[in-house]
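In: model this:
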Amino acid sequence: MTFFFSIVVAVLFVWLLHRIINFKGNVKSEKHILRLKLIGKDARLVHAVFKVSSYEGFHYFDFCMDEVIRLFLDVVKSTKTNKATRLYLFDYCKYAVKDEYNIFPVPVNSVQYHKLKANVPKALQDSVHRRIGSLPPLTEDMEIQLYARDALRWQRVLDKMTEEYRQGEEQQFYAEVIKIAALNESSEARQRNAYYKGYNFLAPKDKKLSLKLYVHYLHTGLKDFKHKDIGKRNKQAFFDKDKERKFELICKKMRSNGDLDKALCSVDEMYAVKRRTIKLDETAIAEARNEHTDVVNILDRYLSDNDVDLPATNDKTGKISQSTLPVIDFPKVSDSELLQLFAENNLQLDMQDLSNFADQKGIFKNQLIDSINKKYYELLDDVLIEEGEGVYTIEKEYFRIVSEPKK
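Out: As a prediction, the model looks like this:
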C-alpha cells in the first residue's frame, strides 16, 4: 500500500514538473482563464499565446489583460488565423488596449510597432480597431493604479488635453487638471507638475482659473518643497500693483494656515465684478428718527398735510430750495483717529471699546465701520475692518497699504 502511494505521488510530481516546463509562465495565464471562466479551445488559445508572449509591466494590470484576452478571442473567432499570426495578433491587441487606456503606449516610430504592423494582416488590424471602442471605461480605482505604475501617464493625458482644447473650455480644462492631480495621489511631485503645467497653459486664456491652479500648486507639498515663483511675465499680465499685493497676501495666509478652500475663494473674490451696495441699518434709522424728531415731523407734514404750503421751488428746475429745508449737522470723524486707535491696540479692538469710541464722537458704531470700509474697498478689494467673535480686526498688510502716504 505504501509502495502504491509512493508511485502516485511520483507520477503527480512528474506531471506538475512537465506542466511547469511546458507552460513556463502559464501560471499567469491561468488566473485570467479562471477570471474570465474560459474553457476548451478558448482556454488553450490563451495558454498558447501566454506561453510565448513576453511578460511586461502591463501584465500587472489584471483588468487590462482581461480586456486584451476578450478582444483577442473575439477577433480570432471572427477570422481564420494560423499559429504565428495569432501570436502577433495577441501582441497587437495589447498595443491597442495600451493606446486606448493610455498606459505604456508603444511609440509609433519604434521597431516593435513596425514589426507588429508588418506581421498582422490589415484585415485583422481593422477588426481590432472596430472593436476597441467597446472597451469598458476605467473606474476611478483603475485610473489610480495606472497613474501609480506609469510615471509619465499624467503628462501624456495633459498633453492630449492641451491638443484638444477649444476656446471657451477653460472651466472644463481646469476641472480635468484637478482630477488628474487627485488621481495621482501616490506622488506629490506629479500633482505639483500637473498643477503647474495647467497653470501655464491657462495663463493667457483665463487669469482667475490659472491663478487657482497656481494656488493648488503652492498648497501641494506646502511645508517641505521650494515652489516656483509665478514668473515676472505672468505678474505683469495678471496684476496691477494692488492686485499683486492682494494675491501675495492670499498665498502668505495659505502657507500659514494651510486653508486651500479659503485661498481659492479669495482668488474668486479678487476677480469678482465689483458692485457698490448700500446696507440699511434699521436700528440706526430708528435711532436717527428719534434723535431728529423735529426734522421728521416737518417732513411728515410736507408729505401728509395738503393744506401746508410746500417749500419754495426753483421755477426752472422744479428743485426744492435748500434754504427752505432744515439743516442737520452730522458729526464727522477722521478715519485716522480710528486707525490710530487700532494701531495702539495691536490692530484689534473689542466691540465695547469701539462702541465707546463711536459714542464719544457722537456717531453710530456700524455707521462708522461701514463708512471706513466703503472708503477703502476699491483700494483693497476687500473690507478693511473685519468683524469677528466679539472683536474687530485689521490685517497687518491692509493697515500698511492704507497708511502709506498718498502720492
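
In: give me phi/psi at the residue nearest in space to the middle of the chain?
Out: By C-alpha atoms, centre = their mean, the chain has its centre lying nearest to residue 178, at 3.9 Å. Backbone geometry at residue 178, expressed as degrees, to the nearest 10, gives phi -60, psi -40.

In: so what's it up against?
Out: By C-beta atoms under 8 Å, 6 or more residues apart in numbering, the contact list for residue 178 reads residue 216. Backbone N, C-alpha and C define where each C-beta goes, glycine included.

In: OK, contacts around residue 357?
Out: 338, 341, 349.

In: Now name the helix or strand holding it.
Out: helix 351-360 (DSSP states H and E).

In: after that helix comes which helix or strand?
Out: The C-terminal neighbour of helix 351-360 among helices and strands, as given by DSSP H and E, is helix 365-380.

In: chain center to that next one, what's the gap?
Out: Centre-to-centre, helix 365-380 and its host chain are 33 Å apart (C-alpha atoms, centre = their mean, to the nearest Å).

In: Pull out the buried positions in that helix.
Out: Neighbour-count burial for helix 365-380, counted by 16 or more other C-beta atoms under 10 Å, picks out 365, 367, 368, 369, 370, 372, 376, 380.

In: State the phi and psi torsions of residue 363.
Out: phi -140, psi 150.

In: ok, how many other residues are close to residue 43?
Out: 17 (other C-beta atoms under 10 Å).

In: Check whether it really touches residue 33, as I assumed.
Out: Yes - counting by C-beta atoms under 8 Å, residue 33 is a contact partner of residue 43 at 5.0 Å.

In: Please report the distance of residue 132 from residue 185.
Out: Going from residue 132 to residue 185 by C-beta to C-beta, to the nearest Å gives 28 Å.

In: neighbour count winner among those two?
Out: Neighbour count, other C-beta under 10 Å: between residue 132 and residue 185, residue 132 has more, with 15 against 12.

In: Name the helix or strand for residue 349, please.
Out: Taking DSSP H and E as the definition, residue 349 sits inside strand 348-350.

In: Direction included, what does that strand pair against?
Out: Using DSSP bridges, strand 348-350 pairs in its sheet with strand 391-394 (antiparallel).

In: Mind checking what helix or strand follows the partner strand in sequence?
Out: Moving toward the C-terminus from strand 391-394, the next helix or strand (DSSP H and E) is helix 396-403.

In: Quick one: list the elements packing against that next one.
Out: In terms of contacts (3 or more C-beta pairs under 8 Å, 6 or more residues apart in numbering; DSSP states H and E), helix 396-403 is packed against helix 241-257, helix 335-344, helix 365-380.

In: And those helices: which comes nearest residue 107?
Out: Taking C-beta to C-beta, helix 241-257 is the member of the helices and strands packed on helix 396-403 nearest to residue 107, at 40.1 Å.

In: For that closest one, which helices and strands make contact with it?
Out: Other elements packing on helix 241-257 under the criterion 3+ C-beta pairs under 8 Å, 6+ apart are helix 207-219, helix 232-238, helix 260-270, helix 365-380, helix 396-403.

In: Go through the ones you listed and name the closest to residue 114.
Out: Comparing the helices and strands packed on helix 241-257 by C-beta to C-beta, helix 207-219 comes nearest, at 39.2 Å.

In: Show residues contacting that closest one.
Out: By C-beta under 8 Å, 6+ apart, the residues outside helix 207-219 that reach it are 170-171, 173-174, 177-178, 181, 192, 195-196, 198-200, 202-203, 227-228, 230, 234, 237-238, 247, 250-251, 254-255, 258, 260, 263-264, 267-268, 270-271.

In: Mind giving me the PyMOL select for these, buried ones only?
Out: Applying 16+ other C-beta under 10 Å to the contacts of helix 207-219, the buried members can be selected in PyMOL as follows:
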select buried, resi 170+173+174+177+178+181+192+195+196+198+199+202+203+227+230+234+238+247+250+251+254+260+263+264+267+270
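
In: Quick check, residue 107 in contact with residue 114.
Out: No - contact criterion C-beta under 8 Å: residue 107 and residue 114 do not qualify, at 10.2 Å.

In: Look at these two and report which has more neighbours.
Out: A direct count of neighbours by other C-beta under 10 Å for residue 107 and residue 114 places residue 114 higher, at 11 against 8.

In: can you tell me how far that one sits from residue 58?
Out: 19 Å.

In: Residue 394 against residue 384, yeah?
Out: Yes - using C-beta under 8 Å, residue 394 makes contact with residue 384 at a distance of 6.0 Å.

In: out of the helices and strands packed on helix 241-257, nearest to residue 128?
Out: For residue 128, the closest of those is helix 207-219, at 37.9 Å, according to C-beta to C-beta.

In: buried stuff in the closest one?
Out: 207, 209, 210, 211, 212, 213, 214, 215, 216, 217, 218, 219.

In: so can I have CSV of those showing pLDDT?
Out: Compiled in CSV, the buried residues of helix 207-219 are given as follows (pLDDT from 0 to 100):
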residue, pLDDT
207, 90
209, 94
210, 94
211, 93
212, 94
213, 94
214, 93
215, 93
216, 94
217, 93
218, 90
219, 90
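
In: And the contacts of the strand holding residue 349?
Out: Strand 348-350 has contacts (C-beta under 8 Å, 6+ apart) with 341, 342, 357, 390, 391, 392, 393, 394.

In: Out of the residues you listed, grab the one that's most surrounded.
Out: Neighbour max across the contacts of strand 348-350 (other C-beta under 10 Å) = residue 394, 22 neighbours.

In: Next up, the contacts around the nearest residue in space to that one that is not next to it in sequence.
Out: Distances taken as C-beta to C-beta, 6 or more residues apart in numbering place residue 347 nearest to residue 394, at 4.6 Å, with adjacent residues excluded. The contact partners of residue 347, taken as C-beta under 8 Å, 6+ apart, are 393, 394, 395, 396, 399.
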